[in-house]
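Enquirer: Curious how this folds, go ahead:
(chains A and B)
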Number of protein chains: 2
Amino acid sequence: MLVLITYDVSTKSSEGRRRLSQVSKKCLSYGQRVQNSVFECIVDATEFRRLKYELEELINEETDSLRFYNLGDKHKTKVEHFGAKSSYDMEGPLIL
Amino acid sequence: MLVLITYDVSTKSSEGRRRLSQVSKKCLSYGQRVQNSVFECIVDATEFRRLKYELEELINEETDSLRFYNLGDKHKTKVEHFGAKSSYDMEGPLIL
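Expert: I've put the predicted structure just below:
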(Lines give C-alpha, C1' and ligand atoms only; values in the text may rest on other atoms or scores of the structure.)
Protein backbone atom coordinates (compact mmCIF):
# COMPACT_ATOMS: atom_id res chain seq x y z
CA MET A 1 0.00 0.00 0.00
CA LEU A 2 1.05 3.62 -0.45
CA VAL A 3 1.28 5.49 2.84
CA LEU A 4 1.67 9.24 2.91
CA ILE A 5 3.37 10.67 5.96
CA THR A 6 3.25 14.36 6.83
CA TYR A 7 5.33 15.78 9.67
CA ASP A 8 4.77 19.15 11.33
CA VAL A 9 7.64 20.59 13.34
CA SER A 10 9.15 24.01 13.58
CA THR A 11 12.58 23.86 11.96
CA LYS A 12 13.54 27.21 13.43
CA SER A 13 15.25 25.44 16.32
CA SER A 14 18.22 23.14 15.89
CA GLU A 15 16.32 20.49 17.86
CA GLY A 16 13.42 20.70 15.43
CA ARG A 17 15.76 20.42 12.45
CA ARG A 18 17.45 17.45 14.09
CA ARG A 19 14.11 15.69 14.57
CA LEU A 20 13.09 16.42 10.97
CA SER A 21 16.40 14.92 9.87
CA GLN A 22 15.76 11.80 11.97
CA VAL A 23 12.19 11.44 10.70
CA SER A 24 13.44 11.94 7.13
CA LYS A 25 16.09 9.26 7.48
CA LYS A 26 13.58 6.83 8.95
CA CYS A 27 11.00 7.48 6.22
CA LEU A 28 13.69 7.22 3.54
CA SER A 29 14.48 3.73 4.72
CA TYR A 30 10.89 2.88 3.72
CA GLY A 31 10.19 5.25 0.83
CA GLN A 32 10.85 8.68 -0.64
CA ARG A 33 10.58 12.35 0.16
CA VAL A 34 8.25 14.32 -2.11
CA GLN A 35 8.12 17.66 -0.29
CA ASN A 36 9.97 19.15 2.65
CA SER A 37 7.89 17.39 5.31
CA VAL A 38 5.97 14.94 3.12
CA PHE A 39 7.04 11.36 2.50
CA GLU A 40 5.56 8.53 0.45
CA CYS A 41 6.29 4.96 1.42
CA ILE A 42 5.26 1.68 -0.18
CA VAL A 43 4.81 -0.73 2.73
CA ASP A 44 2.85 -3.79 3.73
CA ALA A 45 0.72 -3.89 6.89
CA THR A 46 3.56 -5.19 9.07
CA GLU A 47 6.01 -2.56 7.85
CA PHE A 48 3.38 0.14 8.33
CA ARG A 49 2.92 -0.79 12.00
CA ARG A 50 6.69 -0.84 12.55
CA LEU A 51 7.17 2.49 10.75
CA LYS A 52 4.51 4.16 12.88
CA TYR A 53 6.07 2.81 16.07
CA GLU A 54 9.57 3.93 15.07
CA LEU A 55 8.45 7.42 14.09
CA GLU A 56 6.49 7.90 17.28
CA GLU A 57 9.72 7.21 19.15
CA LEU A 58 11.52 10.02 17.29
CA ILE A 59 9.13 12.93 17.58
CA ASN A 60 8.46 15.32 20.43
CA GLU A 61 4.81 14.55 21.13
CA GLU A 62 4.32 17.88 22.88
CA THR A 63 5.28 20.01 19.92
CA ASP A 64 5.37 17.88 16.74
CA SER A 65 2.69 16.03 14.86
CA LEU A 66 2.65 13.15 12.40
CA ARG A 67 -0.22 12.22 10.11
CA PHE A 68 -0.51 8.98 8.16
CA TYR A 69 -2.73 8.62 5.10
CA ASN A 70 -3.30 5.16 3.69
CA LEU A 71 -3.78 5.44 -0.07
CA GLY A 72 -4.15 1.69 -0.51
CA ASP A 73 -2.80 -0.46 -3.30
CA LYS A 74 -4.49 1.27 -6.24
CA HIS A 75 -2.84 4.62 -5.71
CA LYS A 76 -1.41 5.57 -9.10
CA THR A 77 -4.42 7.61 -10.17
CA LYS A 78 -4.89 9.24 -6.76
CA VAL A 79 -1.84 11.49 -6.76
CA GLU A 80 -1.30 14.66 -8.81
CA HIS A 81 1.63 17.06 -8.80
CA PHE A 82 1.77 20.69 -9.96
CA GLY A 83 4.57 23.22 -10.10
CA ALA A 84 8.24 22.79 -9.43
CA LYS A 85 9.71 19.37 -9.69
CA SER A 86 10.85 17.93 -6.44
CA SER A 87 14.35 19.01 -5.55
CA TYR A 88 14.74 15.77 -3.71
CA ASP A 89 16.26 12.71 -5.26
CA MET A 90 13.16 10.57 -5.62
CA GLU A 91 15.11 7.36 -6.05
CA GLY A 92 18.24 7.56 -4.02
CA PRO A 93 18.91 8.07 -0.35
CA LEU A 94 19.02 11.60 1.02
CA ILE A 95 22.08 12.47 3.03
CA LEU A 96 21.09 14.78 5.90
CA MET B 1 -14.37 12.86 -1.51
CA LEU B 2 -11.52 13.80 0.81
CA VAL B 3 -8.68 15.55 -0.97
CA LEU B 4 -5.39 16.13 0.78
CA ILE B 5 -3.36 19.07 -0.48
CA THR B 6 0.31 19.53 0.40
CA TYR B 7 2.15 22.70 -0.53
CA ASP B 8 5.92 23.14 -0.62
CA VAL B 9 7.30 26.66 -0.59
CA SER B 10 10.12 28.33 1.27
CA THR B 11 8.58 30.69 3.80
CA LYS B 12 11.90 32.38 4.42
CA SER B 13 10.99 35.08 1.92
CA SER B 14 8.06 37.44 2.37
CA GLU B 15 6.85 36.46 -1.11
CA GLY B 16 6.82 32.80 -0.10
CA ARG B 17 4.91 33.60 3.08
CA ARG B 18 2.44 35.66 1.07
CA ARG B 19 1.84 32.76 -1.34
CA LEU B 20 1.42 30.31 1.56
CA SER B 21 -1.12 32.71 3.04
CA GLN B 22 -3.00 32.89 -0.27
CA VAL B 23 -2.95 29.10 -0.74
CA SER B 24 -4.13 28.69 2.86
CA LYS B 25 -7.04 31.07 2.40
CA LYS B 26 -8.08 29.33 -0.79
CA CYS B 27 -7.91 25.87 0.76
CA LEU B 28 -9.79 27.08 3.83
CA SER B 29 -12.66 28.13 1.64
CA TYR B 30 -12.96 24.44 0.75
CA GLY B 31 -11.74 22.65 3.90
CA GLN B 32 -9.38 22.79 6.85
CA ARG B 33 -5.73 23.10 7.70
CA VAL B 34 -4.25 20.12 9.55
CA GLN B 35 -0.55 20.98 9.49
CA ASN B 36 1.46 24.00 8.42
CA SER B 37 1.36 23.20 4.69
CA VAL B 38 -1.21 20.39 4.69
CA PHE B 39 -4.90 20.89 4.03
CA GLU B 40 -7.85 18.51 3.93
CA CYS B 41 -10.87 19.40 1.82
CA ILE B 42 -14.16 17.60 1.30
CA VAL B 43 -15.13 18.33 -2.29
CA ASP B 44 -17.03 16.86 -5.19
CA ALA B 45 -15.44 16.31 -8.59
CA THR B 46 -16.47 19.74 -9.90
CA GLU B 47 -15.15 21.54 -6.82
CA PHE B 48 -11.92 19.55 -7.02
CA ARG B 49 -11.29 20.67 -10.59
CA ARG B 50 -12.02 24.30 -9.64
CA LEU B 51 -9.81 24.13 -6.56
CA LYS B 52 -6.89 22.76 -8.56
CA TYR B 53 -7.28 25.48 -11.18
CA GLU B 54 -7.47 28.25 -8.57
CA LEU B 55 -4.43 27.00 -6.65
CA GLU B 56 -2.35 26.66 -9.79
CA GLU B 57 -3.03 30.34 -10.43
CA LEU B 58 -1.63 31.29 -7.01
CA ILE B 59 1.64 29.42 -6.85
CA ASN B 60 5.02 30.20 -8.39
CA GLU B 61 5.45 27.18 -10.66
CA GLU B 62 9.21 27.72 -10.81
CA THR B 63 9.79 27.39 -7.09
CA ASP B 64 6.65 25.97 -5.41
CA SER B 65 4.93 22.64 -5.66
CA LEU B 66 1.44 21.38 -4.92
CA ARG B 67 0.43 17.76 -4.53
CA PHE B 68 -3.13 16.46 -4.45
CA TYR B 69 -4.08 13.11 -2.93
CA ASN B 70 -7.58 11.79 -3.52
CA LEU B 71 -8.62 9.73 -0.48
CA GLY B 72 -12.05 9.02 -1.93
CA ASP B 73 -15.35 8.88 -0.08
CA LYS B 74 -14.49 6.18 2.46
CA HIS B 75 -11.67 8.07 4.11
CA LYS B 76 -12.42 7.91 7.83
CA THR B 77 -10.28 4.84 8.48
CA LYS B 78 -7.44 6.01 6.22
CA VAL B 79 -6.14 8.87 8.36
CA GLU B 80 -4.20 8.63 11.63
CA HIS B 81 -2.72 11.39 13.76
CA PHE B 82 0.09 11.20 16.35
CA GLY B 83 1.64 13.78 18.61
CA ALA B 84 0.66 17.35 19.26
CA LYS B 85 -2.87 18.36 18.53
CA SER B 86 -3.24 20.72 15.66
CA SER B 87 -2.72 24.30 16.71
CA TYR B 88 -5.05 25.31 13.95
CA ASP B 89 -8.74 25.79 14.46
CA MET B 90 -10.04 22.74 12.65
CA GLU B 91 -13.55 24.11 12.35
CA GLY B 92 -13.36 27.82 11.97
CA PRO B 93 -11.70 30.07 9.44
CA LEU B 94 -8.03 30.93 9.84
CA ILE B 95 -7.23 34.63 9.76
CA LEU B 96 -3.93 35.15 7.98
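
Enquirer: Show me the beta-bridge partners of A:H81.
Expert: Judged by DSSP bridges, the bridge partners of A:H81 are B:R67.

Enquirer: I'd say it and B:S65 touch.
Expert: Yes: between A:H81 and B:S65 there is a contact at 6.6 Å, judged by Cβ atoms under 8 Å. All C-beta atoms are positioned from the backbone trio N, CA, C, and that covers glycine.

Enquirer: Looking at the two, which one has more neighbours?
Expert: Ranked by neighbour count (other Cβ atoms under 10 Å in any protein chain shown), A:H81 and B:S65 place B:S65 first, with 22 against 14.

Enquirer: per-residue confidence for the more buried one?
Expert: Per-residue pLDDT puts B:S65 at 93.

Enquirer: Which of the residues in stretch A:3-22 are classified as buried?
Expert: A:V3, A:L4, A:I5, A:T6, A:Y7, A:D8, A:V9, A:R19, A:L20, A:Q22 (16 or more other Cβ atoms under 10 Å in any protein chain shown).

Enquirer: Doesn't the third one lie inside a helix?
Expert: No: the assignment for A:I5 (DSSP: H, G, I helix; E, B strand; the rest coil) gives strand, which keeps it out of a helix.

Enquirer: Is it in contact with A:C27, as I believe?
Expert: Yes: using Cβ under 8 Å, A:I5 is in contact with A:C27, at 5.8 Å.

Enquirer: between those two, what contacts are shared?
Expert: Counting by Cβ atoms under 8 Å, 6 or more residues apart in numbering or on different chains, the shared contacts of A:I5 and A:C27 are A:F39, A:C41, A:L51, A:L55.
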